[in-house]
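**Student:** What follows is a predicted structure for the sequence shown.
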Amino acid sequence: MSEKVTPYKDSSLGKKEQVAQMFDNISGNYDNLNRVISFGIDTKWRKKVLKIVSDTKPKTILDIATGTGDLAILMAKTNAEKIIGLDISAGMLEVGKKKVEDKKLSNVIDLVLGDSENIPFEDNHFDAITVGFGVRNFENLEKGFAEILRVLKPNGIFVILETSVPEKTPYKQGYKFYTKNILPVIGKIFSKDNSAYGYLSESAAVFPYGEALNNILRKTGFIDVVAMPQTFGVATIYSASKK
């Protein structure tokens with residue numbers, strides 16, 4: 001179980017509501033800020049997720065915590081018949097819908113307001129499910145994973161792209177310095193919401209990664225669980241399947 005970190009320390013709202021509010025607040029600058037924070041490397045990681053998913057030749061894909069739709073849009077290259085992007089932030093989805101329209105993908109991609117812990121689809125519905133930088137924002141990680149397992153078809157693939165903490169020197173020290181001291185400053189410069197990127201840094205630091213996250217996936221019922229660290233371990237791609 002990950003330690004519960006929330007964006008707004010004095011808010012009476014729960015984590016789920018706080019996360020939705022935070023992403024609504026930063027939706028206009030989110031895409032550009034992501035490129036700056038990751039030095040553009042996040043696009044390379046997403047392409048690796050695309051390759052993993054494409055190899056399974058899915059007809060239906062669900063992208064959870066889709067945000068502004070970057071990963072859902074990329075998944076169109078799999079030639080899937082239908083891609084659903086799910087997110088709790090209406091503000092992020094509005095940005096995403098404009099991107100989908102601009103790329104003329106509205107016939108393939110639907111962006112839907114919804115909750116990862118109460119996915120509005122029937123059992124065994126999707127061939128592939130992805131989450132890009134979203135699982136650490138789940139209010140209840142195990143419940144979210146159980147819902148994903150429920151709507152994934154047998155033999156379907158589940159792929160996560162998430163931040164992690166490098167374990168080797170000097171990358172570990174450099175990562176901690178960057179996330180603690182530099183990332184929140186960049187967030188303040190680019191975003192009106194001063195709490196947002198402090199939260200993103202703090203939540204990344206305490207979230208389970210590597211074998212710890214693998215074990216949570218296995219406990220939920222996933223099989224063939226694999227963790228693939230990226231770029232010295234600053235991010236990890238996880239793949240898993242369903243019996």
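**Tutor:** Noted; the coordinates are in hand. Numbering: from 1, shown residues only.
**Student:** List the residues that contact N29.
**Tutor:** The contact partners of N29, by C-beta atoms under 8 Å, 6 or more residues apart in numbering, come to F190, S191. C-beta coordinates here come from the backbone N, C-alpha and C atoms, glycine included.
**Student:** okay, it: pLDDT?
**Tutor:** In the predicted model, N29 carries a pLDDT score of 86.
**Student:** how near is it to L149?
**Tutor:** Note on N29: its distance to L149, by C-beta to C-beta, to the nearest Å, is 34 Å.
**Student:** And the average pLDDT for stretch 106-121 is what?
**Tutor:** Mean pLDDT, computed over stretch 106-121, is 97.
**Student:** now swap in stretch 221-235 and tell me
**Tutor:** Computed over stretch 221-235, the average pLDDT equals 97.
**Student:** those strands in this protein, which residues are they?
**Tutor:** In the chain, the strands defined using DSSP state E lie at 60-64, 82-87, 109-113, 126-132, 152-163, 223-230, 235-241.
**Student:** how about CSV for these, with mean neighbour count and distance to K4 added?
**Tutor:** Formatted as CSV, the strands of the chain follow (neighbours: other C-beta atoms under 10 Å; distance: least, C-beta to C-beta, whole Å):
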stretch, mean neighbour count, distance to K4
strand 60-64, 27, 19
strand 82-87, 24, 20
strand 109-113, 19, 23
strand 126-132, 26, 18
strand 152-163, 21, 17
strand 223-230, 15, 23
strand 235-241, 21, 21
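**Student:** Can you name every helix or strand that the helix or strand of the chain with the lowest mean pLDDT contacts?
**Tutor:** Across the helices and strands of the chain, mean pLDDT, DSSP states H and E gives its lowest value to helix 183-190, namely a mean of 78. When contacts are defined as 3 or more C-beta pairs under 8 Å, 6 or more residues apart in numbering; DSSP states H and E, helix 183-190 packs onto helix 30-37, helix 196-206.
**Student:** and the gap between T163 and N107?
**Tutor:** From T163 to N107 the distance is 33 Å (C-beta to C-beta).
**Student:** got the contact list for the closest residue to Q230 other than its chain neighbours?
**Tutor:** Excluding its sequence neighbours, the residue lying closest to Q230 (C-beta to C-beta, 6 or more residues apart in numbering) is W45, at 5.3 Å. Shown in contact with W45 (C-beta under 8 Å, 6+ apart): L161, Q230, T231, A235, I237.
**Student:** which ones are touching the last one?
**Tutor:** Taking C-beta under 8 Å, 6+ apart as the contact definition, I237 lies against W45, K48, V49, I52, V159, I160, L161, A227, M228, Q230.
**Student:** Dump these to a markdown table, plus distance to Y178.
**Tutor:** Putting these into a markdown table (distance: C-beta to C-beta, whole Å) gives the following:
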| residue | distance to Y178 |
| --- | --- |
| W45 | 17 |
| K48 | 22 |
| V49 | 23 |
| I52 | 27 |
| V159 | 26 |
| I160 | 22 |
| L161 | 19 |
| A227 | 22 |
| M228 | 22 |
| Q230 | 16 |
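**Student:** quick check, nearest of those to V131?
**Tutor:** Relative to V131, the closest of these is I160; by C-beta to C-beta it sits at 5.0 Å.
**Student:** Please name the bridge partners of the closest one.
**Tutor:** V131, Y238 (DSSP bridges).
**Student:** Then I84?
**Tutor:** Judged by DSSP bridges, the bridge partners of I84 are L62, D110.
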